[in-house]
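Asks: just coords:
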């Protein structure tokens, strides 16, 4: 089995393992989730529905030629813009805990999840038109950055700084891979950090979380989730308390079934499972990059990198936040946390990666073709080269 096929198998195995872990943790945390109203199978049943939709769309994405996304990128990008605008138009747009991230059009979901995938498609197409303009200001920097910037302008006011930063970081890394000048990227990194700092300072809740990250003892109220997450991880130790026996999910740790599912894994299943989750995402990222590197054309390579980064960076932020390595920012763990929209979008991303694999550079190197040169005048025979 060659490395190219191995990468696809690793993607499938790691995603399957993470989904199974997520379903197990849904049965453990469901009874204490506010929306379940004590039903121990509520989260599991809802997650199964999301898994069914996501699995079907994943299979379709893997079967279809991913290059169709490049040809229809304007459609997906336009839909994303419309859905993001609807977040601010009641009663379609719905507010939850001060954030306007959801819409209800027969089904409640987060448009920003779909938007980040549509943004990567648009970015890959913009940078894949040809290679030389990637070094130029307009076609290599301004136009590609506008693909992500247009979405960030709408997502930031929701208020969703985490997804905004995720899209911005993914955009800059893909631009770096495409060959955009480092000076342009460096300038945007400085501007992005400055804008993020200003946004944190202007929103009291975000400012409190950042100050709590710097000094949790001085700001215990804002640092509450982080402290409880560390208690969960520490009390689990190497072997864990046992599946279903965790205590932090019992109304001590908010969002234990969504953004803070990772500490519950550590508390109930122990160090081996938390390390296993980290290793699984590392394997996923490496396999995704390998598939992208073996794409047949530039669009596939950039699209594969973008999709892999969206999922890998989201997992890194979630793990960093729940271990207090990063400031507190609500972001679910891909494939594991409860949340239908995120699960569906991540599975579509997996399907796109598998489509790139299926149409990538084949299982074996192409056989050399016979090249027949013109008849030699002197020798009167054909020269055949391998």
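Replies: It's in. In this text, all values refer to a predicted model and were calculated from it rather than measured experimentally.

Asks: So which other helices or strands are in contact with the helix or strand containing residue 8?
Replies: Taking DSSP states H and E as the definition, one finds residue 8 inside helix 3-29. Other elements packing on helix 3-29 under the criterion 3 or more C-beta pairs under 8 Å, 6 or more residues apart in numbering; DSSP states H and E are helix 42-63, helix 261-269, helix 271-293, helix 340-358. To be clear about C-beta, it is placed using only N, CA and C from the backbone, and glycine gets the same treatment.

Asks: burial of the closest residue to residue 11 other than its chain neighbours, as a residue count?
Replies: Nearest residue to residue 11, sequence neighbours excluded (C-beta to C-beta, 6 or more residues apart in numbering): residue 287, at 5.0 Å. Residues lying near residue 287 (other C-beta atoms under 10 Å) number 23.

Asks: Was I right to think residue 287 contacts residue 10?
Replies: Yes - taking contacts as C-beta atoms under 8 Å, residue 287 lies within contact range of residue 10: 4.2 Å.

Asks: which stretches of the stretch 1-150 of the chain have low pLDDT?
Replies: 1, 97-98, 130-135 (pLDDT under 70).

Asks: at 80 instead, please
Replies: Per-residue confidence for the stretch 1-150 of the chain (pLDDT under 80) gives these ranges: 1-4, 38, 95-99, 106, 129-140.

Asks: what sits against the residue nearest to residue 11?
Replies: 6, 7, 8, 10, 11, 14 (C-beta atoms under 8 Å, 6 or more residues apart in numbering).

Asks: can you pull out the helices in the stretch 101-250 of the chain?
Replies: Remark: helices assigned in the stretch 101-250 of the chain by DSSP state H, counting those that start in this stretch are 111-128, 137, 143-155, 161-178, 182-202, 204-214, 224-236.

Asks: right, so of the ones you listed, which gets closest to residue 262?
Replies: Closest to residue 262 of the helices of the stretch 101-250 of the chain is helix 224-236 (C-beta to C-beta; 7.8 Å).

Asks: If you count neighbours, what's buried in that closest one?
Replies: 224, 225, 226, 227, 228, 229, 230, 231, 232, 233, 235, 236 (16 or more other C-beta atoms under 10 Å).

Asks: swap in stretch 249-269?
Replies: By 16+ other C-beta under 10 Å, the buried positions in stretch 249-269 come out as 249, 252-253, 255-269.

Asks: Next, the distance between the ends of that stretch.
Replies: Terminal residues of stretch 249-269 are spaced 14 Å apart (C-alpha to C-alpha, to the nearest Å).

Asks: Now find how far off-centre it is within its chain.
Replies: 21 Å (C-alpha atoms, centre = their mean, to the nearest Å).

Asks: swap in stretch 332-347?
Replies: Offset of stretch 332-347 from its chain centre (C-alpha atoms, centre = their mean): 9 Å.

Asks: next one: stretch 83-93
Replies: Using C-alpha atoms, centre = their mean, the offset of stretch 83-93 from its chain centre is 23 Å.

Asks: which residues sit against it?
Replies: Contacts of stretch 83-93 (C-beta under 8 Å, 6+ apart): 100-105, 111-112, 114-115, 151, 154-155, 157-158.

Asks: In PyMOL, select just the buried ones from those.
Replies: A single PyMOL command selects the buried members of the contacts of stretch 83-93 (16+ other C-beta under 10 Å):
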select buried, resi 100+101+102+103+111+112+114+115+151+154+155+158
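
Asks: Pick out whichever of the contacts of stretch 83-93 sits closest to residue 60.
Replies: Once C-beta to C-beta is applied, the member of the contacts of stretch 83-93 that ends up nearest residue 60 is residue 114, at 15.3 Å.

Asks: For that closest one, give its distance to residue 151.
Replies: 10 Å (C-beta to C-beta, to the nearest Å).

Asks: residues shared between the contacts of those two?
Replies: residue 80.

Asks: Dihedrals phi and psi, residue 332?
Replies: phi -70, psi 160 (degrees, to the nearest 10).

Asks: ok, now residue 72?
Replies: phi -120, psi 20.
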